[in-house]
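Colleague: Just a sequence and a predicted model for now, questions to come.
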Amino acid sequence: MRKYDGIEVRYRSPETDLAKSLQVIENLLGFAPEPQQLDFDLSFWAGGSGVYDKLVISCSATPEQWHILKQKLDLYSPEDALARDDWREDFIWLVADDEVCSDILAASAQFINDNKAPFQDACLDSHTLYFSDMSDVNGWTAVWGQGSRLNYAYFCQG
């Protein structure tokens, strides 16, 4: 259970306790990334006005780790999000800040680029690109990358 004490808990590479940070990251991703190929900035805050978390990770990942992450986080491509009647409207509003979107891949990549950390790879619409189930303006997870490089961004405000 989180304490609503208004104190930010932060884990940031390289200036943090790596063992504790790896535990948190493994819990988030479902696997422990190689520390030599890992950058992260995890900020958790809970107070009287609610929760504000912003978590960003960049690491190398094997195809098996990509699969673990996809299952753990219930990830969907932007096209799959559009195909779901129960999510389409909220997803378009999240990535396009509008009621309609003519190019969901370009809008999704731009959304990620607007919200990623400086150490994370830029997102191209040709990359592997996923969002967690029912991501919306109050809480979302985006995962993108190419080859063995994985980038993860999570935001929750509630």
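Modeller: Received it, and whenever you're ready, just let me know what you need. Residues are numbered from 1 along each chain as shown.

Colleague: Check the offset of stretch 128-145 from the chain's centre.
Modeller: Offset of stretch 128-145 from its chain centre (C-alpha atoms, centre = their mean, to the nearest Å): 6 Å.

Colleague: neighbouring contacts of that stretch?
Modeller: Stretch 128-145 is contacted by residues 61, 66, 69-70, 73-78, 81, 86-87, 90-91, 93-94, 105, 108-109, 111-112, 115, 121, 123, 127, 146, 150-158 when judged by C-beta atoms under 8 Å, 6 or more residues apart in numbering. Placement of C-beta: from N, CA and C, glycine included.

Colleague: burial measure for D98, as a count.
Modeller: Look at D98: counted by other C-beta atoms under 10 Å, it has 10 neighbours.

Colleague: Hmm, it is touching E89, no?
Modeller: No. Look at D98 against E89 with C-beta atoms under 8 Å: they stay out of range, at 10.7 Å.

Colleague: Where does pLDDT dip in the protein?
Modeller: Applying pLDDT under 70 to the chain picks out residues 1-2.
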